[in-house]
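Trainee: Here is my input; please provide its structure:
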Amino acid sequence: MAKLIRGKRPKASIPTASMSDISFLLLLFFMVSTVFVKEKGLNVILPKANAIEKIPRNHSVTIYVDSRENISIDDLIIPLENVEYMMANKLALDYNSLFCFRTDKSTRYGVMSDVLKQLQQANALRVYFEARLKR
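Mentor: Here you go, the predicted model:
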């Protein structure tokens, strides 16, 4: 019986010289063929007051926030941190208090949200938003 001598097997390899060319061509193809949709966002129509409901002023607490983020409660300017304490005191004096919230047109919504959170923490939940009559 003849003895066969095995030779060394050639190593299998994948040629990678053109791999970068193929990847760039695929990238270019997807960039050219992709359609980018411009987001339109939500159409938000802010409400205007058609009718005014009179709020009884004997049980009301008025909160003003101006464009410089000054918070005034019944004509007394206080910092944001004291809103909860002040509202808790107002509720202790008169449990039927109504809280009238009025802001300037250019006031940031973040400030209004912070004041509303302070009112919620003080359990002042009867909040009315004042608006001007649309003419």
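
Trainee: element containing I63?
Mentor: strand 60-65 (DSSP states H and E).

Trainee: Contacts for whichever helix or strand comes after that strand, please.
Mentor: Sequence-wise, the next helix or strand downstream of strand 60-65 (DSSP H and E) is strand 71-73. Strand 71-73 is contacted by residues 61-66, 77-80, 83, 86-87, 90, 111, 115 when judged by C-beta atoms under 8 Å, 6 or more residues apart in numbering. The C-beta positions use only the backbone N, C-alpha and C, and glycine is treated the same way.

Trainee: again, only this time at 6 Å
Mentor: With contact meaning C-beta atoms under 6 Å, 6 or more residues apart in numbering, strand 71-73 is reached by 63-65, 78, 86.

Trainee: Mark which of the residues you listed are buried, thanks.
Mentor: Taking 16 or more other C-beta atoms under 10 Å as the criterion, what is buried in these is 63-65, 86.

Trainee: wait, which of the residues you listed is closest to T107?
Mentor: V65 (5.3 Å; C-beta to C-beta).

Trainee: Can you read off the pLDDT for the closest residue to the closest one other than its chain neighbours?
Mentor: In space, and not counting its chain neighbours, V65 is closest to T103: 4.5 Å by C-beta to C-beta, 6 or more residues apart in numbering. T103 is assigned 83 on the pLDDT scale.

Trainee: again with the one 5 residues further on
Mentor: On the pLDDT scale, R108 is placed at 85.

Trainee: now the one 4 residues further on
Mentor: pLDDT for M112: 86.

Trainee: Nearest spatial neighbour of it, chain-adjacent residues omitted?
Mentor: Going by C-beta to C-beta, 6+ apart, M112 has T103 as its nearest residue, at 5.7 Å.

Trainee: count of neighbours near the one you found?
Mentor: 20 (other C-beta atoms under 10 Å).
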